[in-house]
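Colleague: Output the structure for:
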Amino acid sequence: MPRPSENAKGDDDVREAKHFLREALADGPRLAKDVEADAKNVGIAERTLRRARKALKVNATKAGFTAPWMWALP
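Modeller: Next up, the predicted model:
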């Protein structure tokens with residue numbers, strides 16, 4: 001079981017990642033790989049980004065079988 005201070009740190013990290021996603025996707029859909037790269041560049045861990053994406057209910061779609069993943073705010 002995580003200590004309270006570790007849980008609070010995780011909550012802060014997810015809050016920061018959610019803020020990042022809102023800004024990154026504010027102008028419309030973007031390539032998932034570009035958003036992931038930008039998040040990594042600002043120090044957001046992949047797992048934290050996934051948790052934030054799930055919390056915000058970010059839409060992940062593909063236009064076709066070989067198309068890249070796109071992320072967009074609901």
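Colleague: What mean pLDDT does the biggest helix by length in the chain get?
Modeller: Looking across the chain with DSSP state H, the single longest helix is helix 4-24. Across helix 4-24, pLDDT averages out at 84.
Colleague: Show me what it is packed against.
Modeller: On a contact count with 3 or more Cβ pairs under 8 Å, 6 or more residues apart in numbering; DSSP states H and E, helix 4-24 meets helix 32-41, helix 46-56. The C-beta positions use only the backbone N, C-alpha and C, and glycine is treated the same way.
Colleague: mind listing what's buried in it?
Modeller: Buried residues in helix 4-24, counted by 16 or more other Cβ atoms under 10 Å: 13, 14, 16, 17, 18, 20, 21, 24.
Colleague: Likewise for stretch 54-64?
Modeller: In stretch 54-64, counting by 16+ other Cβ under 10 Å, buried: 56, 58.
Colleague: mind checking the end-to-end distance for it?
Modeller: Length of stretch 54-64, first residue to last, Cα to Cα, to the nearest Å: 22 Å.
Colleague: which other residues reach that stretch?
Modeller: Contact with stretch 54-64 is made by 14, 18, 21-22, 25, 29, 32, 53, 68-74, as judged by Cβ atoms under 8 Å, 6 or more residues apart in numbering.
Colleague: Show me which of those are buried.
Modeller: Buried residues within these, counting neighbours by 16+ other Cβ under 10 Å: 14, 18, 21, 25, 32, 53, 70, 71.
Colleague: Make TSV out of the helices and strands packed on helix 4-24 and add distance to residue 64 and mean pLDDT.
Modeller: Below are those laid out as TSV (distance: least, Cβ to Cβ, whole Å; pLDDT from 0 to 100):
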stretch	distance to residue 64	mean pLDDT
helix 32-41	15	98
helix 46-56	22	97
